[in-house]
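Visitor: quick one, structure for this:
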Amino acid sequence: MPAFEYLCEVKSFRMLTPTVFEIAFDAKSPPPPEATPEKVSPPYAFEAGQFISVIIPGAGPKGRDLRRAYSIASAPETRPVELCVKLVEGGPGTNYLYTLRPGDVFRGFAPYGDFVFEPKAGRHACFIATGTGIAPFRSMILSESYQMAKPLSTTCLLGVRDENELLYVDEFDSLPWVKWVTAVSRPADPSWNPKHGFRGRVTDYFRAQGDDFPWLETEYYLCGAGPMIDEIKQILAGRGVLKESIHQEVYYKTPTK
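Guide: All right, here's what the predicted structure looks like:
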């Protein structure tokens, strides 16, 4: 699926956590030059797990535009399209999007990425994310294509530093076919202990799974911090999981901007 340019009109903006916001938009093709009407973009479409490359005007060297990639957090069948963005101090992309409100328009190219769900008969699925790495998994799990080709079981793990940064908890809690686990490494509230909560890192929870976990019958999808992904892959290697069963998207190796 080739990428095209779109004008994206903001429909809503809301804070999901103290440091993460959701921006929802509708997209349409920009007016083409009169001589090249064939360059009109088709209706906005994407596969669950793909991302949009947002144009950050004038933020580069000598006033050049920059591009920043953001995974789409909503299912391909729903509109408006939703992004789940971590606000990073000094980050030109996140700070630009943070200033936008309903009615504002930004430019973007989409869709990009091959980090998509690949249905495989007779297999389980395990999604492991840190922070906003949950965005492509939400898009996948809520998509019609996922519903039509559900794995034998679905496990979704989200790791964050403190409970105030948890994302989409109520929504995932409401999905009966998903085993939803939140791992909080440094709870702000010492008494934090919700129904699906684990005190510690998401890698600690995953390492503690026993022999009854279907290690060799599962497809693994990893998204978020590079160190988390590296550690999970070490755990999987120790369990004899083949590389072909591991799919990954590294959001950052050092703090992103």
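Visitor: put the alpha carbons of the strand ranked longest in the chain into PDB.
Guide: Taking DSSP state E as the criterion, the chain has its longest strand at strand 4-15. Only the C-alpha atoms of strand 4-15 are listed here, as PDB (Å, rounded to 0.1, in the frame of the first residue of the first chain):
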ATOM      1  CA  PHE A   4       0.100   9.500  -0.100                       C
ATOM      2  CA  GLU A   5       0.000  13.100   1.200                       C
ATOM      3  CA  TYR A   6      -3.100  14.200   3.300                       C
ATOM      4  CA  LEU A   7      -4.400  17.300   4.900                       C
ATOM      5  CA  CYS A   8      -5.500  16.200   8.400                       C
ATOM      6  CA  GLU A   9      -8.200  18.200  10.200                       C
ATOM      7  CA  VAL A  10      -8.200  17.800  14.000                       C
ATOM      8  CA  LYS A  11     -11.500  16.700  15.300                       C
ATOM      9  CA  SER A  12     -10.700  16.300  19.000                       C
ATOM     10  CA  PHE A  13      -7.900  16.600  21.500                       C
ATOM     11  CA  ARG A  14      -7.700  15.100  25.000                       C
ATOM     12  CA  MET A  15      -5.200  14.200  27.600                       C
END
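Visitor: who touches that strand?
Guide: Strand 4-15 is contacted by residues 21-30, 41-42, 44, 52, 80-81, 100-110 when judged by Cβ atoms under 8 Å, 6 or more residues apart in numbering. From N, CA and C alone the C-beta is placed, and that goes for glycine too.
Visitor: buried residues, that strand. List them.
Guide: Going by neighbour count (16 or more other Cβ atoms under 10 Å), the buried part of strand 4-15 is 4-10, 13.
Visitor: repeat for stretch 197-206
Guide: For stretch 197-206, a neighbour-count test (16+ other Cβ under 10 Å) marks 197-198, 201-203, 205-206 as buried.
Visitor: pLDDT, secondary structure and distance to Leu87 added to these, as TSV?
Guide: Compiled in TSV, the buried residues of stretch 197-206 are given as follows (pLDDT from 0 to 100; DSSP: H, G, I helix; E, B strand; the rest coil; distance: Cβ to Cβ, whole Å):
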residue	pLDDT	secondary structure	distance to Leu87
Gly197	88	strand	24
Phe198	94	strand	26
Arg201	96	coil	23
Val202	97	helix	22
Thr203	97	helix	25
Tyr205	97	helix	27
Phe206	97	helix	28
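Visitor: Asp65: which of those residues is nearest?
Guide: Val202 (35.7 Å; Cβ to Cβ).
Visitor: low pLDDT regions in this protein?
Guide: 1, 33-39, 252-257 (pLDDT under 70).
Visitor: coming back round to it: and of the buried residues of stretch 197-206, the nearest to Pro119?
Guide: Nearest to Pro119, judged by Cβ to Cβ, of those is Phe206 at 22.9 Å.
Visitor: re the thing from before, mind giving me the packing neighbours of the very next helix or strand once past the longest strand of the chain?
Guide: Downstream of strand 4-15, the first helix or strand assigned by DSSP states H and E is strand 20-28. Under the contact criterion of 3 or more Cβ pairs under 8 Å, 6 or more residues apart in numbering; DSSP states H and E, strand 20-28 touches strand 4-15, strand 81-86, helix 92-98, strand 105-112.
Visitor: what about the spatially most central residue of the chain, distance to Val81?
Guide: In the chain, the centroid-proximal residue (Cα atoms, centre = their mean) is Ala135; its distance is 2.2 Å. Separation of Ala135 from Val81 (Cβ to Cβ, to the nearest Å) stands at 12 Å.
Visitor: name the residues contacting each of these two.
Guide: Ile72.
Visitor: how about CSV for the helices and strands packed on strand 20-28, with distance to Glu165 added?
Guide: Converted to CSV, the helices and strands packed on strand 20-28 look like this (distance: least, Cβ to Cβ, whole Å):
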stretch, distance to Glu165
strand 4-15, 12
strand 81-86, 9
helix 92-98, 15
strand 105-112, 25
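Visitor: quick check: which of these is nearest to Val178?
Guide: Of all these, it is strand 81-86 that lies closest to Val178, at 17.5 Å by Cβ to Cβ.
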